[in-house]
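Q: Quick one: sequence plus predicted model below, questions after.
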Amino acid sequence: MARSASPAPELVLPQPVPAPRTGLVAWGRSVLRGAPVFSLCFLTLAVACAICAPLLAPYDPIQTNRAQTLLPPALGTHLLGTDHLGRDILSRLIYGARISVTVGFLAVFVSGTVGTLIAVVSGVVRGWADTVLMRLTDAFLALPFLMVAVLVVSLLGPSLANVVLVIGLLRWMTYARTIRSEVLRLTEMDFVRLARAAGARRRRIIVQHILPNIVNTLLVLGTLEVGSAVITEASLSFLGLGVPRPLPSWGTMLAESQTYVFTAWWLPVFPGIAITLLVMASNLTGDWLRDRLDPTRRQL
Amino acid sequence: MPPDAQPANDAPLLAVRDLRTHVFTRRGVVKAVNGVSFQLRAGETLGLVGESGSGKTMTCLSILRLLPRGARIVSGEIWLQGTNLVAASEATVERVRGKQIGMVLQNALAALDPVFTIGTQVGEPLVMHQHMSWRAALRRVVELLRMVKVIAPELRVHSYPHELSGGMRQRVSSAAAIGCAPALLIADEPTTALDVTTQRQYLDLLMELQQATGMAIMFVTHDISLVGNTCDQLAVFYGGMLVEYGPRQQVLSQPSHPYTAALLQSIPQLGEPRDRLPSIAGEPPDLGRLPPGCPFHLRCDAALDVCRIGEPPPVFTLAQGRQVRCWLREQDHDRSAAGSL
């Protein structure tokens, strides 16, 4: 309407977005945007169980009770029922979180660290180091995992630390392979060449450019591997080579329940659900973390 | 000849003398840079023109001593502000990179690390080389972004590379390159990924930055028409050799090497109806198996017998400091001027 009177349109600069309310609540909200609420809750719960098991568990997880074997789940007494020795399943699940969560995350930490180290050395140094390390990776890939794990655990004796080490040190090949190819791609990128042209040394390039750019891959792989570590621990426990009994782990509970699958369904089902949920929660959380950490996806 | 042989005020910023960089592969030696000499004064622009694989980029990488695996400087000297970079220690070269020499590459998206903000990336060399605090560095980054004409630099320092357009990214990577006020900027085909209008703007920007900072620019391109009115000196590469070198206007108006002439012929001219654009017959030579004699003789219309045998033609120095590697110019060789480079 006032077209004739309006001055020539000026260049409109994007105005700074007014800073949103600062404060803990707003910060928390922005951090948690798009978070998989259920997965985070479950992970928190699992970690809380692992830490405060004695406070949370209604019964002693290893106290047997001949009078109350194989009780079905019931409100009031044993919420998730009891097993063949009369032990409370809920309490065993809560204590079992200690071992399953610890093994899951520690084993991934060990294998992720070893794998990344090998990948970065081999991708950055190249040459003979690359050849040697990649052939080593091939050799490890060719090992029958369970056989070696069984051999090592039976030689060293079953314990939490040994289980973590065995899973960690026999599962780094996926990381090494995947991340090496990522590192190779990155070292050919112009920003790495320019960093060198700007006088950056090898170590600086690794810390400054390579590592931040492989975090995403590492996260995706790691969260998938948490699941497989929990399951591997379950298989070792199943073979009696996991964490020594009577300490419960979810895998041990599953293993012990095999005789009762058809008579007492609650024995395998609850630890099964717990394992599934942990694996799922870690995957979904990993997905979300990746999106949060990747600036090109952050705003989506 | 040592650099101090020249008068101090006239001393070139960069002097490359008979540089030979070879790549050693399993199939033999590739003579990527085969006896290249040129010099560059402060505030001057040198255009390096040539086809892919003619040795332009390898020459630049040799100056930075950032050669790919298997490549080695076999002989020659590279004098930058009184230091021979060929003989210098790795520590010296590391100080020179980024501080005295800045670099801009072709693909501006790949030139920026996707996981860091513009401010972090442009500021990092400042913190690293000039020991600035991050706060001061970020202030300087805003100034630099303003210099390269990024709109709203205060906001852009917090942006990630993917949030910028191609032209903008190229400006940002130039800002990173000139951050430490280098004496020499190597721009390796910086406009190839930009569209034509953005190319023009970017070239103008480079020239403005040069005016403001007094730095010398080495501008690598395969598009001779692009450097037509920006460079002071032109260096035409062919087969790893500098086949023609001289002031831009002379080279463009009276090319003395048949290859330069053919290159200029193949630029389309506006308003000049033509059925077919002349092109240079044949293919660029395989640097691993160079023909005897002049590397261009197979595609040259004027090739003489002497061009087909023995060593490549030597450098003939013509009037006005021009140099050409072509037997056809032997009679114009100016013996008194020879050896000044």
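A: Ah, there it is.

Q: Tell me where the stretch 101-250 of chain B has strands.
A: For the stretch 101-250 of chain B, the strands defined by DSSP state E, counting those that start in this stretch cover B:101-104, B:184-188, B:216-221, B:233-238, B:241-247.

Q: Return the most buried member of these.
A: Neighbour counts averaged per stretch over the strands of the stretch 101-250 of chain B are highest for strand B:101-104, at a mean of 29; criterion: mean count of other C-beta atoms under 10 Å in any protein chain shown. Any C-beta I mention is one placed from the backbone N, CA and C, and that applies to glycine too.

Q: Remind me what that one packs against, helices and strands.
A: Using 3 or more C-beta pairs under 8 Å, 6 or more residues apart in numbering or on different chains; DSSP states H and E as the contact criterion, the neighbours of strand B:101-104 among helices and strands are helix A:190-197, helix B:56-64, helix B:166-178, strand B:184-188.

Q: try 6 Å this time
A: In terms of contacts (3 or more C-beta pairs under 6 Å, 6 or more residues apart in numbering or on different chains; DSSP states H and E), strand B:101-104 is packed against helix B:166-178, strand B:184-188.

Q: Tell me what angle the first one forms with strand B:184-188.
A: Between the axes of helix B:166-178 and strand B:184-188, defined by axes from the mean of the first three to the mean of the last three C-alpha atoms, to 10 degrees, the angle is 150 degrees.

Q: now what about helix B:166-178, what contacts it?
A: Under the contact criterion C-beta atoms under 6 Å, 6 or more residues apart in numbering or on different chains, helix B:166-178 has outside partners B:102-104, B:108-109, B:111, B:118, B:122, B:144-145, B:148, B:150, B:194, B:198, B:202.

Q: ditto for the shortest one
A: Strand B:184-188 is touched from outside by B:14, B:57, B:60, B:101-105, B:215-220, with contacts defined as C-beta under 6 Å, 6+ apart.

Q: if we can go back for a sec, mind putting the strands of the stretch 101-250 of chain B into JSON lines with mean pLDDT?
A: Listed next are the strands of the stretch 101-250 of chain B as JSON lines, based on pLDDT from 0 to 100:
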{"stretch": "strand B:101-104", "mean pLDDT": "90"}
{"stretch": "strand B:184-188", "mean pLDDT": "92"}
{"stretch": "strand B:216-221", "mean pLDDT": "92"}
{"stretch": "strand B:233-238", "mean pLDDT": "92"}
{"stretch": "strand B:241-247", "mean pLDDT": "91"}
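
Q: To residue A:214, which of those lies closest?
A: Of all the strands of the stretch 101-250 of chain B, strand B:101-104 sits nearest to residue A:214, with 24.6 Å by C-beta to C-beta.

Q: could you dump the closest one to CSV, C-alpha only?
A: As requested, C-alpha coordinates have been extracted for strand B:101-104 and formatted as CSV (Å, rounded to 0.1, in the frame of the first residue of the first chain):
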residue,chain,number,x,y,z
ILE,B,101,52.9,-19.6,3.2
GLY,B,102,49.2,-19.9,3.1
MET,B,103,47.3,-22.3,0.9
VAL,B,104,43.8,-22.4,-0.7
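
Q: Now do that strand: distance to the chain's middle.
A: 11 Å (C-alpha atoms, centre = their mean, to the nearest Å).

Q: Just send the strands of the stretch 101-250 of chain B back as a markdown table, with distance to residue A:219 too.
A: Conversion of the strands of the stretch 101-250 of chain B to a markdown table gives the following (distance: least, C-beta to C-beta, whole Å):
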| stretch | distance to residue A:219 |
| --- | --- |
| strand B:101-104 | 32 |
| strand B:184-188 | 35 |
| strand B:216-221 | 39 |
| strand B:233-238 | 46 |
| strand B:241-247 | 50 |
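
Q: The helices and strands packed on strand B:101-104: lowest mean pLDDT?
A: The stretch with the lowest mean pLDDT among the helices and strands packed on strand B:101-104 is helix B:166-178, at a mean of 88.

Q: Okay, buried residues for it please.
A: B:167-178 (16 or more other C-beta atoms under 10 Å in any protein chain shown).

Q: and what of stretch B:58-75?
A: When burial is assessed from 16+ other C-beta under 10 Å, stretch B:58-75 yields the following buried residues: B:58-67, B:71, B:73.

Q: Between those, which sits nearest residue B:35?
A: For residue B:35, the closest of the buried residues of stretch B:58-75 turns out to be residue B:59, at 11.1 Å, with distances computed as C-beta to C-beta.

Q: So the closest one sits against residue B:32, correct?
A: No: between residue B:59 and residue B:32 there is no contact under C-beta atoms under 6 Å: 8.6 Å.

Q: Show me which residues of chain B sit near chain A.
A: Residues of chain B that fall close to chain A, judged by C-beta under 6 Å from any C-beta of the partner chain: B:64, B:66, B:94, B:97-98, B:103, B:105, B:107, B:110-113, B:115, B:125, B:152, B:160, B:162.

Q: Which ones among those residues map onto helices?
A: Secondary structure of these is defined by DSSP state H; positions in helices are B:64, B:94, B:97-98, B:125.

Q: Find the nearest non-adjacent residue to the residue of the stretch 1-150 of chain B found nearest chain A, please.
A: Using C-beta to the nearest C-beta, the closest approach of the stretch 1-150 of chain B to chain A is made by residue B:98 at 3.4 Å. On the basis of C-beta to C-beta, 6 or more residues apart in numbering or on different chains, the spatially nearest residue to residue B:98 that is not a chain neighbour turns out to be residue A:198, at 3.4 Å.

Q: count of residues packed around that neighbour?
A: Applying the criterion other C-beta atoms under 10 Å in any protein chain shown, we find 25 residues in the vicinity of residue A:198.

Q: rewinding a little: same list, the ones in helices among the residues of chain B next to chain A, but as CSV with distance to residue B:189 and pLDDT please.
A: Formatted as CSV, those follow (distance: C-beta to C-beta, whole Å; pLDDT from 0 to 100):
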residue, distance to residue B:189, pLDDT
B:64, 15, 91
B:94, 25, 87
B:97, 19, 87
B:98, 20, 79
B:125, 22, 88
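
Q: and the two most separated of these?
A: When C-beta to C-beta is used, the two most widely separated members of those are B:64 and B:125, lying 14.3 Å apart.

Q: Pick out the residue in the stretch 151-300 of chain A sitting closest to chain B.
A: Counting by C-beta to the nearest C-beta, the stretch 151-300 of chain A gets nearest chain B through residue A:198, at 3.4 Å.

Q: isn't that residue right next to residue B:126, touching?
A: No: here residue A:198 does not reach residue B:126: they are 10.4 Å apart, not a contact under C-beta under 6 Å.

Q: Look up the closest residue to the closest residue to chain A within the stretch 151-300 of chain B, ignoring the ones flanking it.
A: In the stretch 151-300 of chain B, the residue that lies nearest chain A is residue B:160 (4.1 Å; C-beta to the nearest C-beta). Across the structure, with C-beta to C-beta, 6+ apart as the measure, the residue nearest residue B:160 apart from its sequence neighbours is residue A:295 (4.1 Å).

Q: what's the answer for residue B:74, then?
A: Among residues not flanking residue B:74 along the chain, residue B:20 sits closest, at 4.4 Å (C-beta to C-beta, 6+ apart).
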